[in-house]
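Student: below are the sequence and a predicted model for it; my questions follow.
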Amino acid sequence: MKALWNGTVIAESDQTVVVEGNHYFPADSINKEYFKSSNHQTTCFWKGKASYYNIDVNGSTNENAAWYYPEPSEKAQNIKDHVAFWKGVDVIQ
């Protein structure tokens, strides 16, 4: 699987985990140069507290377009150290 934004591959892996229709990429499969920490957080009732990244590619920023669960709940341990995408990031095979 590949995650693309603004014409650039920002993550690539054949080891994604699919949860609720989202592909979660292993943290070591993202191109870290494009990811900047965000202060934004949300809470999922069954996965726990999500943290976010802004994605910066070619001078453009997609705010809070990637999320991850630093300490997922017991039920969501399979996505620990994984990153998922939304907000116009294309995930393709």
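Tutor: Received, thanks. Numbering: from 1, shown residues only.

Student: before we move on, what's the pLDDT of the nearest residue in space to residue 68 that is not next to it in sequence?
Tutor: The shortest distance from residue 68 to any non-neighbouring residue, by C-beta to C-beta, 6 or more residues apart in numbering, is to residue 83 (4.7 Å). Every residue, glycine included, has its C-beta placed from N, CA and C. pLDDT recorded at residue 83 is 98.

Student: quick one, phi psi at residue 83?
Tutor: Backbone torsions of residue 83, given as degrees, to the nearest 10, read phi -130, psi 140.

Student: can you show me the strands along this protein?
Tutor: 2-5, 8-12, 17-19, 22-26, 35-44, 48-57, 60-68, 82-85, 90-92 (DSSP state E).

Student: distance between the fifth one and the chain's centre?
Tutor: Here the centre of mass of C-alpha atoms in strand 35-44, compared against the chain's by C-alpha atoms, centre = their mean, to the nearest Å, lies 10 Å away.

Student: ok, the last one next?
Tutor: Relative to its parent chain, strand 90-92 has a centroid offset of 12 Å by C-alpha atoms, centre = their mean.

Student: tell me which other helices or strands it touches.
Tutor: In this structure, strand 90-92 makes packing contacts with strand 2-5, judged by 3 or more C-beta pairs under 8 Å, 6 or more residues apart in numbering; DSSP states H and E.

Student: re the thing from before, what's the most buried one of the strands of the chain?
Tutor: strand 82-85 (a mean of 24; mean count of other C-beta atoms under 10 Å).

Student: residues touching the residue nearest to residue 68, list them.
Tutor: 11, 24-25, 27, 30, 53, 66-68 (C-beta atoms under 8 Å, 6 or more residues apart in numbering).

Student: next one: residue 23
Tutor: If a contact means C-beta under 8 Å, 6+ apart, then residue 23 has 1, 3, 16-17, 84-85, 91 as its contacts.

Student: need those in JSON lines (columns: distance to residue 38).
Tutor: Shown next, in JSON lines, are the contacts of residue 23 (distance: C-beta to C-beta, whole Å):
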{"residue": "1", "distance to residue 38": "23"}
{"residue": "3", "distance to residue 38": "17"}
{"residue": "16", "distance to residue 38": "22"}
{"residue": "17", "distance to residue 38": "22"}
{"residue": "84", "distance to residue 38": "14"}
{"residue": "85", "distance to residue 38": "13"}
{"residue": "91", "distance to residue 38": "19"}
